[in-house]
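Asks: fold the stuff below for me.
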Amino acid sequence: MTLTATTATIGWAPPAMAAAETLDPAYSQATGLAVIATAQSPNKVISVKVLLDNDGRLSYAVSRKGHEIFAPSRLGFILADQPKLDRNFTVEKTATSAFDETWDQPWGEWKTIRDTHTELRVDVVQQKYDARRMTVVFRLFDDGFGFRYEFPDQPQLKTLKITDELTEFAVSDKATAYWNVAGEWNREEYIIQKTPLAEVSEAQTPMTLKTDTGLYMTFHEAALIDYAAIWMRRVDGQRLKTRLAPSSIGPSVVREAPFPTPWRMVIVTDNAPDLYQSHILLNLNEPNKLGDVSWVKPFKYVGIWWDMHLGTKTWEAGPKHGATTEYTKKYIDFAAKHGFRGVLVEGWNKGWEDWFATGDLFSFTEAYPDFDLPALSAYAKKKGVHIVGHHETGGNAAHYEPQMDAGFALYQQNGVDAVKTGYVADAGGAKVMGADGKPYYTWNDSQDMVRHFQKVTETAAKYHIAINTHEPIKDTGLRRTYPNWVSREGQRGMEYNAWGNPPNPPEHEANLVFTRMLSGPMDFTPGVLSLQGNGKPIYSTKAKQLALYVVLYSPIHMAADLIENYEKEMPAFQFIKDVPTDWADTKMLNGEPGDYATLVRLDKNSRDWYLGAVTDEQARSLDIALDFLTPGKTYEAQIYRDGDDADYRTDTRHSMQIEKRKVTSKDRLTLKLAPGGGQAIRFKAL
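Replies: This next block holds a predicted model:
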């Protein structure tokens, strides 16, 4: 690791004088803004200017290779009980430093991550308001940037009651946006839209843009801890403004100083695949705080889940109850026979009779009479299989938190080391306990729910349990700091293909790659080879279902279909059995948002590479070079491709061909993808 730093101190001056002390007279002459600090990324690709106007308002502008991609954009806060952190700022001190290190992930898409950036710190003060101080910290990478606010310990601003941020992103070049709506009832689970940026209303992050100048940008946030999540609200033209997820009982954020906010971040690249190759999100998070996490195991699992979405089984007890001892043994036997580590069991615990958006009846230690957890755990252990636990809360964190320790302790006693949690409630319908001891409702990404999700993860870690959150707070890279937070949902998953109205469209997965998947692992639950939902076909080919295991990353992957359907599809099922969930390297070979994507990943535990390619409703031929393979080595390409007649719109969606051929790094392949189709390949080293 290398670290260098420089510091400059500027004495206090009234705003008008600050403008005269600009570091860039030409820019100030053109904009009327004083440049109070500047910095560049390590290879001078990204540069930032921090600005003050004559009223002391703070802003910033960002350029890439000399072209301004963000026009002056405001910084600051609206407070509930004090004047805004807005006007009357002067600069007190600036400092820059260079940083370069590599670090290893315990699991992930890449084993080794490099973090090289320039940091700029700008300390500002509002002398008019008892010399209130704040620091803005920028980290500049060659493929983007992040910034956050830091509040020191100061008596004049001890408790911050933040109503909203003034943070802006004024996008300079005309752009097309790929986004899903924020602040609506169904949380993050909306179909991704493609519109001009000028038609965006309020967007969830990650949100991706393609500018008319050919740049790609993804907006997100990193290290969301004890703070409200941001939504991106378009206020006029192409100017975006962050909005903090609201609280139902007061300011969006109430927090004691000192503390930093989460990072606001933008990835900026020349092409779409490089968005996925960026490590900015992980590098803006703190290193692992859990110590030895060898107990966190990547794995694949089957489970009692798809039955309930099809309506053939129920979560609650009764004649169609899914989580019975007998039925679970059937899944354990299947998992053991085919090499799956886990069996998910939903609906085993009491309380499912009235659960949606309520959760008041749930017990996380009491099983229904027809489910014997200790006996099943012992049965699974003999066969080398683990039960995957499940804690559905109905969004009722207030009811869940007092039971968490007991629930995790019970699982630990029975060899359960991974738990899927759930929060099925409409947005605004999560229930948390107030300081007065009474429950109240809030948004699923409010500060109180952010605190709750963090508490669940840290509590689970005490019992060496990994967490896979459904209906979650969005992923902001905290898997680096808390490696037991292995996956989450946070978008439309496979279940929408069972009962969704509409179901997921054929371009859905190609959109996810460039939006939701840029935030981290997703438990999409792929692999429904029957291609059949609840009375409706799935808009996918069989080969595409296999490709999703490579395209949509998660360290835990479900084979989501009914096991009797896999028994009918053993040739195709072989790829699901073979594909790993932990990787040494990942490369995206091609792709465009909402159209197509091809990724290859190197197994961490062998020399085998795996490829997944998906398309939208259009058939495509994608020519790829195999230069990612080890030179001089021969591989057997085990190809699972769409049949020549395959089409997601007809019964030919089941058409698939399995082929084998010898290849080397000097070869090329043409991937022929059917409408709504895909291709999966295992490159087995010989």
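Asks: do you know the pLDDT at the spatially most central residue of the chain?
Replies: Centroid-nearest residue in the chain: S519, 2.8 Å away (criterion: Cα atoms, centre = their mean). S519 is assigned 98 on the pLDDT scale.
Asks: what of W355?
Replies: At W355, pLDDT is 89.
Asks: nearest residue to it in space, please, no chain neighbours.
Replies: G394 (4.7 Å; Cβ to Cβ, 6 or more residues apart in numbering). Any C-beta I mention is one placed from the backbone N, CA and C, and that applies to glycine too.
Asks: what of A680?
Replies: Nearest to A680 is L546, by Cβ to Cβ, 6+ apart, at 3.8 Å.
Asks: over to L562?
Replies: W306 (5.8 Å).
Asks: E564 is in contact with that neighbour, correct?
Replies: No: with contacts counted by Cβ atoms under 8 Å, W306 stays clear of E564, the gap being 11.0 Å.
Asks: neighbour-wise, which of these two wins?
Replies: The neighbour comparison of W306 against E564 (other Cβ atoms under 10 Å) goes to W306, with 27 against 10.
Asks: may I have the phi/psi pair for that one?
Replies: Backbone torsions of W306, given as degrees, to the nearest 10, read phi -60, psi -30.
Asks: check which residues of the helix ranked longest in the chain are buried.
Replies: Secondary structure of the chain per DSSP state H: the longest helix is helix 447-462. Residues of helix 447-462 classed as buried by neighbour count (16 or more other Cβ atoms under 10 Å): 447-450, 452-454, 456-457, 459-461.
Asks: again with stretch 205-216
Replies: 205-211, 215-216.
Asks: pull up the distance across it, start to finish.
Replies: 15 Å (Cα to Cα, to the nearest Å).
Asks: related to what we said a few turns ago, please identify the helix or strand for the residue nearest to W355.
Replies: Under the criterion DSSP states H and E, no helix or strand holds G394.
Asks: surely it and E353 touch.
Replies: No: between G394 and E353 there is no contact under Cβ under 8 Å: 11.4 Å.
Asks: neighbour-wise, which of the two wins?
Replies: G394 (26 against 11).
Asks: so how far is L546 from T581?
Replies: 14 Å (Cβ to Cβ, to the nearest Å).
Asks: those two: which has the busier surroundings?
Replies: Between T581 and L546, counted using other Cβ under 10 Å, L546 has the larger neighbour count: 28 against 23.
Asks: so that one is in contact with Y640, correct?
Replies: Yes: L546 is within contact range of Y640, at 5.1 Å (criterion: Cβ under 8 Å).
Asks: re earlier: what about the residue nearest to A680, which SS state?
Replies: What DSSP: H, G, I helix; E, B strand; the rest coil gives for L546 is helix.
Asks: sorry, back to before: just the CA atoms of the longest helix of the chain, as CSV, please.
Replies: Taking C-alpha atoms only, helix 447-462 is exported to CSV below (Å, rounded to 0.1, in the frame of the first residue of the first chain):
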residue,chain,number,x,y,z
GLN,A,447,-33.0,4.8,9.0
ASP,A,448,-34.7,2.6,11.5
MET,A,449,-35.0,-0.3,9.0
VAL,A,450,-31.3,0.3,8.0
ARG,A,451,-30.4,-0.1,11.7
HIS,A,452,-32.6,-3.3,11.9
PHE,A,453,-31.0,-5.0,8.9
GLN,A,454,-27.6,-4.2,10.4
LYS,A,455,-28.6,-5.6,13.7
VAL,A,456,-29.8,-8.9,12.1
THR,A,457,-26.5,-9.3,10.3
GLU,A,458,-24.4,-8.6,13.4
THR,A,459,-26.5,-10.8,15.6
ALA,A,460,-26.4,-13.7,13.1
ALA,A,461,-22.6,-13.4,13.0
LYS,A,462,-22.4,-14.1,16.7
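Asks: if we look at it, which residues are touching it?
Replies: 224-229, 245, 247, 252-255, 290, 397, 401, 404-405, 408, 419, 421, 430, 432, 442-443, 466-467, 469, 472-473, 478, 482, 484-485 (Cβ atoms under 8 Å, 6 or more residues apart in numbering).
Asks: walking through the stretch 401-550 of the chain, point out its strands one by one.
Replies: Listed in chain order, the strands of the stretch 401-550 of the chain (DSSP state E, counting those that start in this stretch) span residues 418-422, 430-433, 439-442, 466-469, 485-488.
Asks: so which of these gets nearest K49?
Replies: strand 485-488 (36.2 Å; Cβ to Cβ).
Asks: on contacts alone, who are the packing partners of the closest one?
Replies: Strand 485-488 sits against strand 466-469, with contacts defined as 3 or more Cβ pairs under 8 Å, 6 or more residues apart in numbering; DSSP states H and E.
Asks: pLDDT of the strand it packs on, averaged?
Replies: Rounded mean pLDDT across strand 466-469 is 98.
Asks: and stretch 164-171, by the same measure?
Replies: On average, the pLDDT along stretch 164-171 is 98.
Asks: same question, stretch 299-306
Replies: The model assigns stretch 299-306 a mean pLDDT of 98.
Asks: likewise stretch 538-556?
Replies: Predicted confidence along stretch 538-556 averages 98 (mean pLDDT).
Asks: from the chain's centre, how far out does that stretch sit?
Replies: Mean-position distance between stretch 538-556 and its chain equals 17 Å (Cα atoms, centre = their mean, to the nearest Å).
Asks: repeat that for stretch 465-480.
Replies: 8 Å.
Asks: numbering from 24 from now on, please.
Replies: Will do, 24 is the new start, and the previous item becomes stretch 488-503.
Asks: just the buried residues of it, please?
Replies: For stretch 488-503, by 16+ other Cβ under 10 Å, it's 488-503.
Asks: farthest-apart pair in those residues, please.
Replies: Going by Cβ to Cβ, the pair spanning the buried residues of stretch 488-503 furthest: E494 and R503, at 22.7 Å.
Asks: could you pull out the strands for the stretch 224-373 of the chain?
Replies: Here the stretch 224-373 of the chain has its strands, by DSSP E, counting those that start in this stretch, at 225-226, 230-234, 239-245, 253-259, 262-267, 276-279, 282-283, 286-292, 322-327, 365-368.
Asks: how much does the second one deviate in direction from strand 262-267?
Replies: Spelled out, it's strand 230-234. In terms of direction (axes from the mean of the first three to the mean of the last three Cα atoms, to 10 degrees), strand 230-234 departs from strand 262-267 by 170 degrees.
Asks: now do strand 230-234, average pLDDT.
Replies: Strand 230-234 comes out with an average pLDDT of 98.
Asks: now for it, which elements pack on it?
Replies: Applying 3+ Cβ pairs under 8 Å, 6+ apart, one finds that strand 230-234 makes contact with strand 198-202, strand 239-245.
Asks: between it and strand 198-202, how many degrees?
Replies: On the basis of the same axes, to 10 degrees, strand 230-234 is oriented at 160 degrees to strand 198-202.
Asks: list buried residues within the contacts of helix 470-485.
Replies: 247-252, 268, 270, 275-278, 313, 420, 424, 427, 431, 442, 444, 453, 455, 465-466, 489-490, 492, 495-496, 501, 505, 507-508.
Asks: identify the bridge partners of W508.
Replies: Under DSSP bridges, the beta-bridge partners of W508 are I490.
Asks: relative to P321, how far out is the residue nearest to the centre of the chain?
Replies: 19 Å.
Asks: same thing with V366?
Replies: For V366, the distance to P321 - Cβ to Cβ - is 16 Å.
Asks: so which of these two has more stuff around it?
Replies: Per other Cβ under 10 Å, whichever of V366 and P321 has more neighbours is V366, with 25 against 22.
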